[in-house]
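Dropping the sequence and predicted coords here.
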Amino acid sequence: MGFETFLGNEKAVSGVRGMLASGAVPGALLFVGPDGVGKKTLALMLAKALNCERLRDDFCGECRRCRKTEEMIRVSREDLARRREIKDSGRRVEGLVYFDVQLIEPITRFILIEQIRQLRVAAYTRPFELQRRVFILDQAQTAHWQAVDILLKVLEEPPETSHFILVCPNLHQLKATLRSRCHRVAFQPVADPVLEDILQKGKKLPAAHLKLATRIAAGSIASAGNLNLTEFQTRRQPWIDFLNGVTAKKLSSMMPGDWKAVFDSSKSLADSRSEIEAELRIGYSLLADILQILETGSDERVINLDLVSRLRAWAAKLGLEGINRLAAGLDSAYRLQNRNINQQLGWEALATELIARG
């Protein structure tokens, strides 16, 4: 138990432990870095360490305060999940009560004004059961602009017994005035050996698949833990079929069967509207690999390692102009994902354009 169980980002962990050891943990911290690398996990660990009865620069996980912190985090999560299910927007923030350790996340697309108002009320009262209050704002960049104004006022004069940990994937998604009031702790993508160890132990992947799975996880412990390699390869297949279709032949030599294959792959890409973001991420990963192959000729940083020979063939056929057109098509699909538009027509038009220019 304790910080030694945290995987990766040793510098961030060391920095946090140093603050604890010196007794100088800032009132406001900003944990910033890519998704899935443990920012919120470390914030929750720090909340325990700030209240642990036994240790100064760590947490035992067994004392009364550590167990109470765990309980407060669990109840916070349950309350957030319950509120997200409420259809009446006016009732989503009714009866908000914050514990000494409180996890605050978006209830809708935003962290709502009333959530931050309740934070302000709770922050200026002394802790009820623990030594220190800790407010963890996950996805802090989603705070409503009016909520940000309230939060700024709190951070200008932070209460002595309260700590605020803002968790955000991109520093520049937060207002500069908010960033300036926080001590920044930077997180990096987790190193491949750590991810390989997680995948080997958790997924028991054969060696032939381990490198591919590690590249797909892309430095994210969360992605490594949730990865289903078979599902990923199934979702990727329509992209392979689409790219094969638009690079296989010139327009003049296309036969009816060739066009059917292209249109079938376009339909498959359009049929997955409910999980379009996951599908588009795969498309972007293939596009990035093709561009890297075209520009460097190297597969050193390629994600789709099992497709290197195909990536080279696609890069040669598409060229930079074709890659740019494909990128524009992906960007358009991303922008239109939540609109009632026939995406299949867009993919078919893109395929026809790519074949015609080839």
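Arrived safely, thanks for sending. Source: prediction; values computed, not measured. Residues are numbered from 1 along each chain as shown.

got a list of what the closest residue to Arg184 other than its chain neighbours touches?
Excluding the flanking residues, the one nearest Arg184 by Cβ to Cβ, 6 or more residues apart in numbering is Leu30, at 4.9 Å. Heads up, the C-betas are built off the backbone N, CA and C, glycines and all. Contact analysis of Leu30 by Cβ atoms under 8 Å, 6 or more residues apart in numbering lists 140, 165-166, 168, 171, 174, 179, 182-185.

Reformat those residues as TSV; add pLDDT and secondary structure.
Output for the contacts of Leu30, formatted as TSV (pLDDT from 0 to 100; DSSP: H, G, I helix; E, B strand; the rest coil):
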residue	pLDDT	secondary structure
Ala140	96	helix
Ile165	98	strand
Leu166	97	strand
Cys168	96	strand
Leu171	90	helix
Leu174	93	coil
Arg179	93	helix
Cys182	95	coil
His183	96	strand
Arg184	97	strand
Val185	97	strand
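
Show me which of the residues you listed are buried.
If you count burial by 16 or more other Cβ atoms under 10 Å, the buried members of the contacts of Leu30 come out as 140, 165-166, 168, 174, 179, 182, 185.

Show me what the top helix by length along the chain is packed against.
The residue-count maximum for a helix in the chain (DSSP state H) belongs to helix 308-335. Packing contacts for helix 308-335, counted by 3 or more Cβ pairs under 8 Å, 6 or more residues apart in numbering; DSSP states H and E, involve helix 229-248, helix 276-296, helix 343-357.

all helices in the stretch 1-150 of the chain, in order from the N-terminus.
With DSSP state H, counting those that start in this stretch as the definition, the stretch 1-150 of the chain shows helices at residue ranges 10-22, 39-49, 64-84, 113-123, 145-156.

what bits of the stretch 201-350 of the chain have low per-residue confidence?
For the stretch 201-350 of the chain, the stretches with pLDDT under 70 are 249, 251-252, 254, 272-274, 336-342.

element containing Phe263, please.
Using DSSP states H and E, Phe263 sits in helix 256-271.

Check Val16 and give its pLDDT.
Val16 is assigned 97 on the pLDDT scale.

wait, it sits on Val185?
Yes - the pair Val16 / Val185 is scored as a contact, 6.7 Å apart, by Cβ atoms under 8 Å.

could you measure Gly225 against Ala207, distance?
20 Å (Cβ to Cβ, to the nearest Å).

quick revisit: and the residue nearest to Arg184, how far is that from Leu307?
Computed as Cβ to Cβ, the Leu30 to Leu307 distance reads 38 Å.

same deal with Gly38?
Distance from Gly38 to Leu307, by Cβ to Cβ: 30 Å.

for Glu275, same thing?
Where Leu307 is concerned, Glu275 sits at a distance of 21 Å (Cβ to Cβ).

More neighbours: which of these two?
The residue with more neighbours, out of Glu275 and Leu307, is Leu307; 21 against 10, by other Cβ atoms under 10 Å.

show me the contacts for that one.
240, 286, 289.

tell me the contacts of the second one?
Just to be clear, that refers to Leu286. Taking Cβ under 8 Å, 6+ apart, we find Leu286 in contact with 236, 239, 243, 304, 307, 311.

can you list the domains in this structure?
According to automatic domain parsing, the chain comprises the domains 3-186, 228-357.

okay if I get these as a markdown table plus distance to Leu195?
Output for the domains of the chain, formatted as a markdown table (distance: least, Cβ to Cβ, whole Å):
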| stretch | distance to Leu195 |
| --- | --- |
| domain 3-186 | 8 |
| domain 228-357 | 13 |
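
Can you say which of those domains is packed in most?
Burial of these is given as mean neighbour count (mean count of other Cβ atoms under 10 Å); domain 3-186 ranks first at a mean of 18.

first to last residue in that one, what's the distance?
End-to-end distance for domain 3-186: 17 Å, by Cα to Cα, to the nearest Å.

same deal with stretch 289-303?
Stretch 289-303 end-to-end distance (Cα to Cα) = 7 Å.

Distance from the chain centre to that stretch, please.
Relative to the mean C-alpha coordinate of its chain, stretch 289-303 is positioned 24 Å out (Cα atoms, centre = their mean, to the nearest Å).

Not counting its own residues, what contacts that stretch?
With Cβ under 8 Å, 6+ apart as the criterion, stretch 289-303 contacts 215-216, 218, 285, 288, 304-305, 307-308, 311-312, 314-316, 318-320, 323.

now Pro34: how far from Pro169?
Separation of Pro34 from Pro169 (Cβ to Cβ): 6 Å.

what do those two both touch?
Counting by Cβ under 8 Å, 6+ apart, nothing touches both Pro34 and Pro169.

out of the buried ones among the contacts of Leu30, who's nearest Leu269?
In terms of Cβ to Cβ, no member of the buried ones among the contacts of Leu30 lies closer to Leu269 than Cys168, at 31.6 Å.

wait, isn't the closest one in contact with Ile136?
No - checked against Cβ under 8 Å, the pair Cys168 and Ile136 is beyond contact range at 11.7 Å.

nearest to Val93, of the helices and strands packed on helix 308-335?
helix 276-296 (27.2 Å).

Which residue comes closest to Glu348 once chain neighbours are left out?
In space, and not counting its chain neighbours, Glu348 is closest to Ser266: 4.7 Å by Cβ to Cβ, 6+ apart.
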